Every structure is written in structure tokens, then in C-alpha cells.
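*Asks:* attaching a predicted model along with its sequence, questions to come.
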Amino acid sequence: MSNNLVPASVTQNVSGDNNVVIAGDENTINQTIIQKISNFIIGDTKAQRAHRDRRAMLELVRNTWIKGVLEKSLYHEVLIELGMEERPGEVDHPWDTQVQMPNQTNRTLPLGTSIINIFDEMNGAMLILGEPGSGKTTTLLELARDSITRAEQDPTQSIPVLFNLSSWNEAKKSIDDWLVYELNTKYNAPYKLAQNWVRNNDLFLLLDGLDEVRPVNREACVNAINDFRKKHGLTMPIAVCCRISEYETLPFHLNLQGAVLIQPLTTQQIDDYFVQGGSELVGIHQALQNDDMLQELVKKPLMLSILTLAYKGTTEDIFARDKLGTLESRRRQLFDTYIQQMFERVARTKSKLYSTEQTKHWLAWLARKMIEHNSVPFLIGNMQINWLSQNKHWRYRLINSLFGGLIGGLFGALIGGLIEGLIGSNYGYSLPNGMATGLFYGLIVGLIGGIFLKPSKIEMVDTLIWDWKKGIRGLLSGLIIGLIGGLIFGLYYLLFSGLNYVLFYRWAVALGVSLDLGLAFALMLGSILGLIFGLSARPLSQTTYPEQRISLSIRNFFFISLSFELVFALIFGLLWLLGRTSNGLIDTLISGLYLGLVAGLGVGLKYGGGAVIKHFALRFIISFNNILPWRLVRFLDYASERIFLRKVGGGYIFVHRLLMEHFAGMYAEADNIG
């Protein structure tokens, strides 16, 4: 299996600092609050925190990789022990240039040999090689499964964590820095905790997809891994996966202790599999006897699985029309037949929502973009503007501004209606007037915000983290700046009201205006900067349902916007109590709520609102150009029912990377869409 993935399967976070999660997944919030209260009451030692973080990561990796990928893979259709051959010549040993090593030859390992035992024999530093579809990633996942079990039983063992090397590039030359970044963004480990794990050699690195590193960066990546090994090698276990053809083109090798090559299935293994499969596989088995090229193809477990799914229950006659000239063309034909059979098989029990050609057209584009942008698994909320061709960016800017105005106007109308319809209904205010006022403010802020939302990276705001130190710093900065601003305005009032008049008659009024404005500006600016400085967003790479990142960003937008409503109402209520306003209480509160609406919308664009606007603008253009359907979740579930995709938590993956590559190269017109 070569699904080099970081699947989105769970919403568990690894926690290890003093930040407080104030908005995100409900379970995360509840667990964090309970944890904070418990720690405050009974205390929490450093050892206890380390144990809790370790246990959380082990559970996260198990749920994500073992339950989410290994136990749901196509390879469960082909339960065959994979053969392995030891290849000592594929790795460089540090002593090779100084000590005359004995002649090392390849050695076939006995069937059934545990991968973790082989790993131990190679002193915790192993390379796993194989052809596409041979089962490299499956072997790596089996190593992860056994290592997790061992780490749960022995607290001195390193924490197994899988990483996809496709995200490495020369801009992140240091493997140390890249690992910290991946732990923080893919596994939600706090930055300091991730640094400590890497620095202290607490991890067992399972690195998949060296062949998926861009060719121009692949040599640099090997160098970076070798440099990392020199720094951490003695106590940091590591296993690396790569396709054999890509690895053998490298001018130098990885500095590891040993390598294994996944062997093709033997004829006896294939025959035993068909015997165990029963009567439904008899026709395929008979056809296989007279087809040398097909026999060669099914020596890879993936192709054997694809074959049985595509032709299960058929007779040998179906193969006669499929015999093509080359092994590669035969493989493509097998994938095409599998795709067609999956449409026909599911059509007997499921409704046909989309045409076959339309579905393949959409999947071809999706596969290309997933490969091009290393977006595996595919999370709907992770789509970016660079998935579109450059000539569509101006449309994106236009749709951004329109969507911004629409969302801002609707939100403003809702809040304005609540302000005047509920709060001020008995004081001469009305619901229509409130909705009109709110619509005006919201429309203006939304349009302006939409116009200035540049076609840059769309960063969803899944979880908001509150940092007390930064928040207090922002609050104090806002108070100081607000007081200075109020005093400057008071000086302006003093000078332009007539100096003689003010000196002899109205000095108290000028001073009062200055203090009033200083207090109002200080409180409003302090609250704004306090929230902006204290809040930070954390991405949620592991999700439990599709579009979760979008729904969380919408919720956080409402949370921030309504928070400003409350804060500004309290500020203006305080000013009224202090006698700093001549208006009545209701008038003062309504003024504060409208200012809170404007401030809340503005800041809310930063914390979720802007990302949501940009996302739906992108979705609109994609749907309008028939690149993907608007109801994206329904389509992805439709493709999953036909066993083209697999739903993993809130994300989607192709059932195998080779199938994704096949879809990506299916149609020439795919070059011209998007």
C-alpha cells in the first residue's frame, strides 16, 4: 500500500502548555476545562503532564493510522504474508569507508517474519523499499501498530509517529524544524512540546513517501535525513519508505543500518489465495492460468485486490478483450475495468446521482490537485485559491467582495434587529429600523473586508487559543494609546474652542471632554487590542466530519463578533454609570452595541469570517466552472460508495495512491480545467 497519508480521523489534541482552548471542538473544550480545574485543585506534576501527552499521542496515532487506514485498506481483501529480502547494499553504514566490511549479500527472510523483529535486528534504523503497490506503506503501518503496542507496555520506548515526506522542501532544510512543524500542524502538538520531543529523542520516526518528495528536492531531503541521523541517530529510531526505482536513481544512499525489499507474490501464494476465495473467484483463477501478463501484474498485492474486486463472479471470457500489448497498458486497462465495474456494481443498490463520465471528470481534477498540492487526505476546508488557474483569480476577488457584503449585511441585519427590536422596542426604536441600520453597517464592513481579502492562503480558524500574557499586554497597550488619543483630542478641543474663552469660562469642560474621550478610547481600544493580541488560531488537521473546519470557523466568527457586542455594551454602560454621557442608558447601550457590531465584524473577519468568505467564493467559482459540484460532501460520499475514495474522519483519500495517479492521468482535458 502506498497511500502516503496523514488522514483526518480524530479530533484529539496533544496538550502540553498553559494556553487555554476557548473555542473549538466541544469535547476538546470540555476536556480542557475539566483538566484545568483538576490541575488547579490537586496540582499537576511535570511527570504527569509528560505521561498524559505521551498517552494522547499514542492514541492519536493508533486512531489515525491503524484504525483509520490500515484496518480499512484494500489489503484486507488480500490477506497474504508479504515476502521480504534483506538488502544491505541499499544503505550506507558510517564505518564502510574506514573498516573493511565483509561481503554483504542479499538474504531472503522467512515468510511470517515480524517486521518489528527485523527492525530490532537493524538497530532501529531501517529502509523499506518496494515497487508501487507492493505493500510498503502497509508494512510501515504494521511496524507502527506493533510499536504502539510495545510503547504502551513500556514507557521507556519511543513514541511512534508517522510523517509524510512529500511535505518536505528545501525551504525547511532542517529535519528538526520540519518535524516540529508537522507535529504542530498535523497532530496539534503544542510547539514547545513538539520541540522537546524532537530535542530529547522521544519519537520513533516512521517516514513515508521519500519518492513523493519533488525530484528537485529529493537529494537534499536524503542529505537532511543523514544530517539528522548524525545528530540524533543513536537514540532516535527511524524507518523510511521509498519506491525502489526512485531510490536507485539517487547518487547516494541513506545512512541507516539496514534495508528490506518487499518481494512480489509467488505463484503458490496467488494460487492459495484463489483457493481460499471460493467459487466466486474460480473464473478469474482459470483465466489467470492462460495470461502471462496478468500473472505478472497480480504479483503485487494491490493489483490482485483490484483484479478480484473488478472481476469477482465473472468467467474467463471477459479477459479475452482486455489483452493489450504492454504491462503498463494492461495495468491501465485493469484500473479502467475496476472503475467501470464499481459503477455498475453499486448502481444495483444505490441511486445514480451523477453520470459516469461526469464523476470520472471530477475525480480526475481532484486527483491531480491532491497530487500537485500534496493535499492527502483531501479536506474540503483546505482547498486554496492556487487550485484555480491564474485567469480565474479576478473572478475570485469579485466574488469575495460580493460574498463579504452578503455575509456582513445579513449578520448586521440580524444583530441590528435584535438591538432595536428587543432592547429598544419600548423606547421609540423599531425592528425595521434596527435591521436597516445593521444591514447598512454590516454591508459596508463586509464589502470593504471582502475587497481587501487578497487571493492568499485560506487559513480556517478551527480552534482559538487564549494567551493571558499577550492578552494583558494588548489590553495595556490599548489603554495607553486610548488615553493619549483622548488627551490629544482634548487639546484640539481646547485650542479650537477659543483659548481665552476656555481659559476663563470652559476649562473644566475641555478637561472633562479630554478625560471622557480618553477613557472611552482607552477602554474600546484596550478591549480590541487585548482580544487581538491574546487570541491565536490553531489548525485542526484531524477532523471527525466533512466541512468541520468550515463550521468551526463560522462559529468562531460569531463568537468573536458577539464578544465585541458584549464588551462594547459593558464599556458604554460603565461610561453612563460614571456620568460621562448625557444620553439615557438605553441610547448609550444601543450606541455601544452598534459600535460593537462594526468592531466585531472587522475583527471577526480575521478570526474565521474572512476564511469562510474566501472559501465559499472559491467553491462558487469551482462549481460555476463545473470543476466540482457545489454539494461537495454528497459527491465525495457518492465516490466513496463506489470504492474510489475512502472517508477517513472528516477527510477523503483515494483507496490507493496508484488509483489516484490513474485518475489524475485519465483525460487530456484535465489539463485545461481549473
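*Replies:* It's in.
*Asks:* looks like residue 378 contacts residue 367 (just checking).
*Replies:* No. Judged on C-beta atoms under 8 Å, residue 378 makes no contact with residue 367 at a distance of 9.4 Å. Where C-beta positions appear, they are placed from N, C-alpha and C, glycine not excepted.
*Asks:* return the helix or strand in the protein with minimum mean pLDDT.
*Replies:* Within the chain, no helix or strand scores below strand 20-23, which has a mean of 43 by mean pLDDT, DSSP states H and E.
*Asks:* what segments of the chain are strands?
*Replies:* For the chain, strands defined by DSSP state E occupy the ranges 20-23, 84-86, 107-108, 125-130, 159-164, 203-208, 238-243, 258-262, 463-466, 535-538, 645-648, 651-654.
*Asks:* dump those strands to TSV, plus mean neighbour count and distance to residue 608.
*Replies:* Below are the strands of the chain laid out as TSV (neighbours: other C-beta atoms under 10 Å; distance: least, C-beta to C-beta, whole Å):
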stretch	mean neighbour count	distance to residue 608
strand 20-23	18	9
strand 84-86	19	49
strand 107-108	11	56
strand 125-130	25	41
strand 159-164	24	27
strand 203-208	24	32
strand 238-243	25	37
strand 258-262	23	45
strand 463-466	19	9
strand 535-538	19	8
strand 645-648	24	25
strand 651-654	26	20
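*Asks:* adding distance to residue 564, write those out as CSV.
*Replies:* Formatted as CSV, these follow (distance: least, C-beta to C-beta, whole Å):
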stretch, distance to residue 564
strand 20-23, 14
strand 84-86, 61
strand 107-108, 68
strand 125-130, 53
strand 159-164, 40
strand 203-208, 42
strand 238-243, 49
strand 258-262, 58
strand 463-466, 14
strand 535-538, 12
strand 645-648, 37
strand 651-654, 33
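*Asks:* go through the ones you listed and name the closest to residue 54.
*Replies:* Ranking the strands of the chain by distance to residue 54, with C-beta to C-beta as the measure, places strand 159-164 first at 5.9 Å.
*Asks:* what residues does the closest one touch?
*Replies:* Strand 159-164 is contacted by residues 4-6, 54, 57-58, 61, 65, 140-141, 143-144, 147-148, 151, 179, 182-183, 186-187, 197, 202-209, 212, 374, 376 when judged by C-beta atoms under 8 Å, 6 or more residues apart in numbering.
*Asks:* go again with 7 Å.
*Replies:* 4-6, 54, 57-58, 61, 65, 144, 147-148, 151, 179, 182, 202-209 (C-beta atoms under 7 Å, 6 or more residues apart in numbering).
*Asks:* tell me the angle of that strand relative to strand 238-243?
*Replies:* Computed with axes from the mean of the first three to the mean of the last three C-alpha atoms, to 10 degrees, the direction of strand 159-164 lies at 30 degrees from that of strand 238-243.
*Asks:* paired strands for strand 159-164, with orientation please.
*Replies:* Sheet pairing of strand 159-164 (DSSP bridges) gives strand 203-208 (parallel).
*Asks:* check the offset of the strand it pairs with from the chain's centre.
*Replies:* 19 Å (C-alpha atoms, centre = their mean, to the nearest Å).
*Asks:* please renumber so the chain begins at 37
*Replies:* OK, 37 is where the count begins now, so the last one is strand 239-244.
*Asks:* what angle sits between it and strand 161-166?
*Replies:* Going by the same axes, to 10 degrees, strand 239-244 makes 20 degrees with strand 161-166.
*Asks:* and the strands of the chain: which comes nearest residue 653?
*Replies:* Nearest of the strands of the chain (C-beta to C-beta): strand 571-574, 19.8 Å.
*Asks:* that closest one packs against which elements?
*Replies:* strand 499-502 (3 or more C-beta pairs under 7 Å, 6 or more residues apart in numbering; DSSP states H and E).
*Asks:* so for the strand it packs on, mean pLDDT?
*Replies:* What strand 499-502 shows for mean pLDDT is 79.
*Asks:* how about stretch 424-433?
*Replies:* What stretch 424-433 shows for mean pLDDT is 70.
*Asks:* got a pLDDT number for residue 554?
*Replies:* Each residue has a pLDDT score; the one for residue 554 is 61.
*Asks:* let me fix that, I meant to ask about residue 230.
*Replies:* Confidence score, pLDDT, at residue 230: 92.
*Asks:* can you list the weak-confidence ranges in the stretch 137-286 of the chain?
*Replies:* Applying pLDDT under 70 to the stretch 137-286 of the chain flags residues 137-140, 206-209.
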